[in-house]
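> Following is a predicted model, sequence given first.
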Number of protein chains: 2
Amino acid sequence: MKSVIPVTVVDIKVACSQCNLRELCLPFGLDPNEIDQLDELVGSRRKIKRQQHLYRSGDNFEAIYAIRAGSFKTDVILEDGRDQVTGFQMTGEVLGLDGISTEHHSCNAIALEDSEVCVIPFNRLEELSRTVESLQHQFHKIMSREIVRDHGVMMLLGSMRAEERLAAFLLNMSQRFTARGFSPSEFHLRMTRDEIGSYLGLKLETVSRAFSRFQEEGLVAVQQKHIRILDTPGLKRLLNHHSA
Amino acid sequence: MKSVIPVTVVDIKVACSQCNLRELCLPFGLDPNEIDQLDELVGSRRKIKRQQHLYRSGDNFEAIYAIRAGSFKTDVILEDGRDQVTGFQMTGEVLGLDGISTEHHSCNAIALEDSEVCVIPFNRLEELSRTVESLQHQFHKIMSREIVRDHGVMMLLGSMRAEERLAAFLLNMSQRFTARGFSPSEFHLRMTRDEIGSYLGLKLETVSRAFSRFQEEGLVAVQQKHIRILDTPGLKRLLNHHSA
DNA sequence: AAACAGTATTGACGTGGATCAAAGGGCTCC
DNA sequence: GGAGCCCTTTGATCCACGTCAATACTGTTT
């Protein structure tokens, strides 16, 4: 049973205009007045506990979601049970774009840790982006970025070897942590070896072995999910030189 | 220097309102008056000969392209020379969405046969979609569809075996030919085994062997690039039942 | 009609990553 | 704070696909 709760200081704090993620998110490039309009549109926030679904494949599509705190994975499941992780999402990134095309979500979004998202009703976003040019453009850029990212994953899955895939993954995570003000070289992965493996098209044992190998070679220090990158250029070399 | 050219019969013929691809393309869902507005926006058409680039990775992004005739592939090339075909595009499909995110294209688009595209200047498309709601929505659907398609390819690359990948590819081609009024069971592939292989994350020999195997099993009749599907349910069974 | 280049098929063999298996370690939830 | 379970690591073996190589086909050019 829900009850009406008066607006609290916390609610004000999470307005787009006050949000420290705005440079990474939908408000990027908007002027203060425009951000206020976007604020009104963000109807509510939703907390998702670890392992819970934000949405499921087949759900009606009504809104997209901006991650305020925590992180997610998205996956696609085949009839025979095989599944493929299609992405990992961090704060400031947008979830749910897959649902626009058919009005139904085509993948599952699952929280990797206790998380919070801003709910952005899609019809209202389209409405506002008809009058706010910068919002329209930023939204298009976000969709396009997703397409470009997916092409990168295809490249990875289609033509890289196991260690190259893991190196690419680690460098990508590092870069995204950096963009959020965290250390480029030391971070905590929220996903399991199995989930990394699914994303990279590898089995969890192969991921584990590749981590061990990187450790032996002094490229990274691995302690379970805690990663310290010791030799970034070394990882990059792994990617480009493809010693066949 | 551009000069004003009077409207010719040819120009009228290829207007969106007269185009038999409009149900598959950007005009879908627009009323006649709105289609006329879209028509004005489609500045020019461009013919691309077989093997020529429509755009290259790194090119400035200015327009998206709707395929009027022919077909294309898109690919991404790594520094060390490895490349990955990220998609094959047919009539009515839209190319160039990858360029929105950075204002530069991030892949190459190459004609598989002599082809023709409609050039849609992107800033003018954004402008018009601010006043024409149905155009805005259709454009968003097209971008979202691309994301969903990419997720399907990731599933394919990440967790399917060679024959499953080829079966999925053939069924997908069949469906797209059908949507264009061609036979679902008999068609001509415009791409080489090598290009199919790159798209599916396989070597060309593996693609060729899988074709031969399908032929032995009576699933398809293959004669070089000419394909006749003899047993669609059989191909579908290959996909779902994953006899491990 | 011959010559050619690009494309496709098929065979033999090698290998990277999957699979199977077992043991140890660290979280999570009482 | 302890019990249990999930996660991770590591080893041994297997196999699907890659690699290398030779031959054949097709459509194009002259």
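Ah, there it is.
> in chain A, which ranges drop under the pLDDT threshold?
A:1-13, A:242-244 (pLDDT under 70).
> mind running it again at 50?
Along chain A, segments meeting pLDDT under 50 span A:1-3, A:5-12, A:244.
> Up against DNA strand D, what does chain A have?
A:192-194, A:204-205, A:207-209, A:211-212, A:222, A:224-225, A:244 (Cβ under 7 Å from any atom of the strand). (Each C-beta comes from the backbone N, C-alpha and C, glycine too.)
> In those, which residue is surrounded by the most others?
In terms of neighbour count, A:Val207 stands highest of those at 23 neighbours, by other Cβ atoms under 10 Å in any protein chain shown.
> Can you classify it by secondary structure?
Classification of A:Val207 by DSSP: H, G, I helix; E, B strand; the rest coil places it in helix.
> residues contacting the nearest residue to A:Gly92 once chain neighbours are set aside?
Of all residues not flanking A:Gly92 in the chain, A:Leu24 sits nearest, at 3.2 Å (Cβ to Cβ, 6 or more residues apart in numbering or on different chains). In this structure, A:Leu24 makes contact with A:Thr91, A:Gly92, A:Glu93, A:Ala179, A:Arg180, judged by Cβ atoms under 8 Å, 6 or more residues apart in numbering or on different chains.
> Just the buried ones from those, in PyMOL syntax?
This is the PyMOL syntax for the buried subset of the contacts of A:Leu24, where burial follows 16 or more other Cβ atoms under 10 Å in any protein chain shown:
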select buried, chain A and resi 91+92+93
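> quick one, helices of chain A?
Taking DSSP state H, the helices of chain A run over residues A:9-13, A:32-41, A:122-131, A:133-159, A:162-179, A:193-200, A:204-216, A:232-240.
> Need the ones you listed in TSV (columns: distance to A:Lys47).
Below are those laid out as TSV (distance: least, Cβ to Cβ, whole Å):
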stretch	distance to A:Lys47
helix A:9-13	12
helix A:32-41	19
helix A:122-131	21
helix A:133-159	23
helix A:162-179	22
helix A:193-200	22
helix A:204-216	29
helix A:232-240	35
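> Now distance to chain B too, for these, in CSV please.
Below are those laid out as CSV (distance: least, Cβ to the nearest Cβ, whole Å):
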stretch, distance to chain B
helix A:9-13, 29
helix A:32-41, 14
helix A:122-131, 5
helix A:133-159, 4
helix A:162-179, 10
helix A:193-200, 7
helix A:204-216, 13
helix A:232-240, 5
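> Show the contacting residues for A:Ile100.
Neighbour list for A:Ile100: A:Phe61, A:Phe122, B:His140, B:Lys141, B:Met143, B:Ser144 [criterion: Cβ under 8 Å, 6+ apart].
> The fourth one: how many residues sit nearby?
Pointing back at B:Lys141 there. B:Lys141: 16 surrounding residues under other Cβ under 10 Å.
> Do I have it right that A:Ala167 meets A:Leu239?
Yes. Using Cβ atoms under 8 Å, A:Ala167 makes contact with A:Leu239 at a distance of 5.6 Å.
> Does A:Thr74 touch A:Ser106 like I think?
No. Proximity of A:Thr74 to A:Ser106 does not meet the contact threshold set by Cβ under 8 Å, at 9.6 Å.
> what do those two both touch?
What both A:Thr74 and A:Ser106 touch, as defined by Cβ under 8 Å, 6+ apart, is the set A:Asp98.
> Report the contact partners of the nearest residue to A:Gly201 once chain neighbours are set aside.
In this structure, A:Gly201 finds its nearest non-sequential neighbour in B:Gly158, 3.7 Å apart by Cβ to Cβ, 6+ apart. Residues in contact with B:Gly158 (Cβ under 8 Å, 6+ apart) are A:Gln84, A:Leu157, A:Ser198, A:Tyr199, A:Leu200, A:Gly201.
> how about the nearest residue to A:Leu157, chain neighbours excluded?
Nearest one to A:Leu157, counting by Cβ to Cβ, 6+ apart, is B:Leu157 at 3.8 Å.
> If you count surrounding residues, which of A:Ala167 and A:Leu239 has more?
Counted by other Cβ under 10 Å, A:Ala167 and A:Leu239 do not tie: A:Ala167 has more neighbours, with 23 against 18.
> domain parsing for chain A?
A:9-148, A:160-240 (automatic domain parsing).
> of those, which approaches B:Leu128 most closely?
B:Leu128 lies closest, by Cβ to Cβ, to one member of these: domain A:9-148, at 10.9 Å.
> Of the contacts of A:Ile100, just the buried ones, ChimeraX syntax please.
Remark: buried members of the contacts of A:Ile100, expressed as a ChimeraX selection using 16+ other Cβ under 10 Å:
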select /A:61,122 /B:140,141,143,144
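> Nearest to DNA strand D among the contacts of A:Ile100?
A:Phe61 (28.6 Å; Cβ to the nearest atom of the strand).
> so A:Leu97 makes contact with B:Arg145?
No. Counting by Cβ under 8 Å, B:Arg145 is not a contact partner of A:Leu97; they are 10.6 Å apart.
> quick one, which of the two is more surrounded?
The neighbour count for A:Leu97 versus B:Arg145, taken as other Cβ under 10 Å, is higher for A:Leu97 (22 against 17).
> follow-up on the earlier one: columns distance to DNA strand C on top of the helices of chain A, output as JSON lines?
Shown next, in JSON lines, are the helices of chain A (distance: least, Cβ to the nearest atom of the strand, whole Å):
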{"stretch": "helix A:9-13", "distance to DNA strand C": "24"}
{"stretch": "helix A:32-41", "distance to DNA strand C": "34"}
{"stretch": "helix A:122-131", "distance to DNA strand C": "32"}
{"stretch": "helix A:133-159", "distance to DNA strand C": "10"}
{"stretch": "helix A:162-179", "distance to DNA strand C": "4"}
{"stretch": "helix A:193-200", "distance to DNA strand C": "7"}
{"stretch": "helix A:204-216", "distance to DNA strand C": "3"}
{"stretch": "helix A:232-240", "distance to DNA strand C": "12"}
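> out of the ones you listed, nearest to B:Gly218?
helix A:133-159 (29.5 Å).
> for that closest one, which positions count as buried?
By neighbour count on 16+ other Cβ under 10 Å, the buried set for helix A:133-159 is A:135-151, A:153-159.
> quick revisit: any idea how far the residue nearest to A:Gly201 lies from A:Arg82?
9 Å (Cβ to Cβ, to the nearest Å).
> so what's the residue nearest the centre of chain A closest to, chain neighbours aside?
Closest to where the C-alpha atoms of chain A average out (Cα atoms, centre = their mean) is A:Gln89, at 1.2 Å. In space, and not counting its chain neighbours, A:Gln89 is closest to A:Phe72: 4.6 Å by Cβ to Cβ, 6+ apart.
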